[in-house]
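Chemist: Next come a sequence and a model predicted from it.
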Amino acid sequence: MTMKLYGPTLSPNLVRVLLCLEEVGAEYELVPVNLMADEQKKPDFLAKNPFGQVPALQDGDLVLFESRAISRYVLRKYKSDLLKESSIADSAMIDIWIDVEANQYFPTISPITFQCLLVPILGGVPDQNIVDASLEKFKKVLEVYEARLSKSKYLAGDFVSLADLSHFALTFNLTRTPYASVLDSYPHVKAWWEALLTRPAIKKVVDIKMREPV
């Protein structure tokens, strides 16, 4: 049965799941949700995600929300090695860097991409103060990443994992802003990012993202 993924590709959280679906070669249907029309707040969608946020995934009778949990589900269903569950040490490192992404990386990079890419779509003017403050916080986070990636090719070790893929959407969005060059100051981070871009699944998702109006 084909899984259904609900939400717009503009959502970095949806793209996190989309990338996992592509990595495992799953059959899926992308079902658009118009956030501008508040479709995510309507009863039909609230039955899938009671918090009214995208994405949601339907796999038969099973309905899931929260993108990192959905991503883990997809990878487990298809027995992907991107979770390294055969090794408790490796899987623990993956969990650490997924948490770092959620609690450190995401909160500092997302205001930059929101102001630069989405605010203009919504008819507004980016708040440069927010961008500047977030950029300084993001640089401090990148210092930690640079130190980590100077010791291993990928975040959890010398292997690609969900920890790395979970960073894709917002990092890609950053490269479409005037602040893409910030990565140039962190050579190990830049090398990590360029290595990720060579993955076939990421290339396919990049193609999807490049069709967006930003």
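Modeler: Thanks, I have it.

Chemist: Could I get the contacting residues of Leu162?
Modeler: 20, 71-72, 75, 82-83, 94, 98 (C-beta atoms under 8 Å, 6 or more residues apart in numbering). In this view, the C-beta of every residue, glycine as well, is placed from N, C-alpha and C.

Chemist: ok, it to Phe168 distance?
Modeler: 11 Å (C-beta to C-beta, to the nearest Å).

Chemist: Tyr6 too?
Modeler: 20 Å.

Chemist: Can you name the residues in contact with the helix or strand hosting Asp132?
Modeler: Using DSSP states H and E, Asp132 sits in helix 128-149. Residues outside helix 128-149 that contact it (C-beta under 8 Å, 6+ apart): 100, 104-105, 108-109, 111-112, 115-116, 155, 179, 182-183, 185-189, 191-192.

Chemist: Now that helix: buried residues?
Modeler: Neighbour counts over helix 128-149 (16 or more other C-beta atoms under 10 Å) mark 131, 134, 138, 141-142, 145-146, 148-149 as buried.

Chemist: Ala89: neighbouring residues, count only.
Modeler: The tally of other residues near Ala89 (other C-beta atoms under 10 Å) stands at 10.

Chemist: Check Leu122 too.
Modeler: For Leu122, using other C-beta under 10 Å, the count is 8.
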